[in-house]
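Q: heads up, no residue letters with this:
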């Protein structure tokens with residue numbers, strides 16, 4: 001019975017994928033590279049560089065939910081027997097929620113058949129084995145763009161960014177940096193983050209980074225979750 005339900009679900013996904021129209025005859029990977037710029041907010045084309053979403057490197061022809069090292073897939077997506085190809089990717093880009101209800105992708109879908117076709121033509125090259133180097137060599141995309149919107153490296157942050165003391169008093173965080181400056185920030189404008197990657201801050205040396213369009217928000221980035229309790233103190237004594 002369970003297997004029967006599984007096969008039925010797979011058949012429905014396959015039927016949905018085939019039902020979404022494409023304009024394959026006019027697909028253009030060069031135009032698709034321009035469309036891809038929006039995808040770089042959440043994805044990279046470099047192996048192992050995962051952002052909000054998984055790296056797309058090497059995923060053409062692979063089963064969904066299997067990018068190595070990415071732990072944030074929904075169970076809904078992991079449970080599907082979907083392999084990324086022109087048809088499945090076309091349906092996914094058209095409406096991710098309709099194709100796989102319950103998945104975590106917040107992208108609402110791309111309605112233009114031409115844009116989808118162009119993007120798929122680019123991704124067919126970029127997501128293939130060795131595809132990242134191929135699209136760079138063809139001049140379709142720069143090496144920097146293949147990393148997506150990867151956070152800035154924090155290993156060489158200057159003294160004005162290196163947090164030496166962090167205290168909280170009522171609605172305010174007081175942040176002291178290595179240059180001796182203590183700056184108050186409204187608690188709702190402060191984000192506490194962890195970056196365990198090789199571009200994160202050195203162990204024991206959290207870094208403060210400006211954020212927000214108005215310049216009034218900050219992120220305090222730690223190398224490990226254990227450092228937060230060791231650094232953050234609740235005290236109104238300066």
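A: Everything's here; your move. Remember, it's a predicted structure, so these values are computed and weren't measured experimentally.

Q: only C-alpha atoms for contact and neighbour calcs from this point on.
A: Will do.

Q: quick one: pLDDT of residue 15?
A: Note on residue 15: pLDDT of 51.

Q: shaky segments in the protein?
A: Residue ranges of the chain with pLDDT under 70: 1-25.

Q: strands of that one, residue ranges please.
A: Using DSSP state E, the strands of the chain run over residues 163-169, 172-177, 182-186, 190-194, 207-211, 217-222, 232-234.

Q: tell me the domain boundaries of this protein?
A: In the assignment given by automatic domain parsing, the structural domains of the chain cover 2-147, 163-234.

Q: out of these, which gets nearest to residue 157?
A: domain 163-234 (7.1 Å; Cα to Cα).

Q: distance between the closest one and the chain's centre?
A: 22 Å (Cα atoms, centre = their mean, to the nearest Å).

Q: stretch 90-104 too?
A: 17 Å.

Q: same question for it: list its buried residues.
A: By neighbour count on 16 or more other Cα atoms under 10 Å, the buried set for stretch 90-104 is 90-97, 99-100, 103-104.

Q: in stretch 66-78, which residues are buried?
A: Neighbour count says stretch 66-78 has 67, 70, 73, 77 buried, by 16+ other Cα under 10 Å.

Q: could you export the residues you listed as TSV, including distance to residue 229?
A: TSV is the format used below for those (distance: Cα to Cα, whole Å):
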residue	distance to residue 229
67	32
70	27
73	29
77	35
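
Q: for the residues you listed, which one is nearest residue 215?
A: residue 70 (31.4 Å).

Q: please name the residues that touch the spatially closest residue to the closest one that is not a sequence neighbour.
A: Excluding its sequence neighbours, the residue lying closest to residue 70 (Cα to Cα, 6 or more residues apart in numbering) is residue 54, at 5.9 Å. Shown in contact with residue 54 (Cα atoms under 8 Å, 6 or more residues apart in numbering): 42-44, 67, 70.

Q: mind putting those in TSV, distance to residue 140 included?
A: As requested, the contacts of residue 54 are exported to TSV (distance: Cα to Cα, whole Å):
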residue	distance to residue 140
42	19
43	17
44	15
67	23
70	26
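
Q: ok, which pair from those is furthest apart?
A: Pairwise over the contacts of residue 54, using Cα to Cα, the maximum falls at 42 and 67, 14.2 Å.
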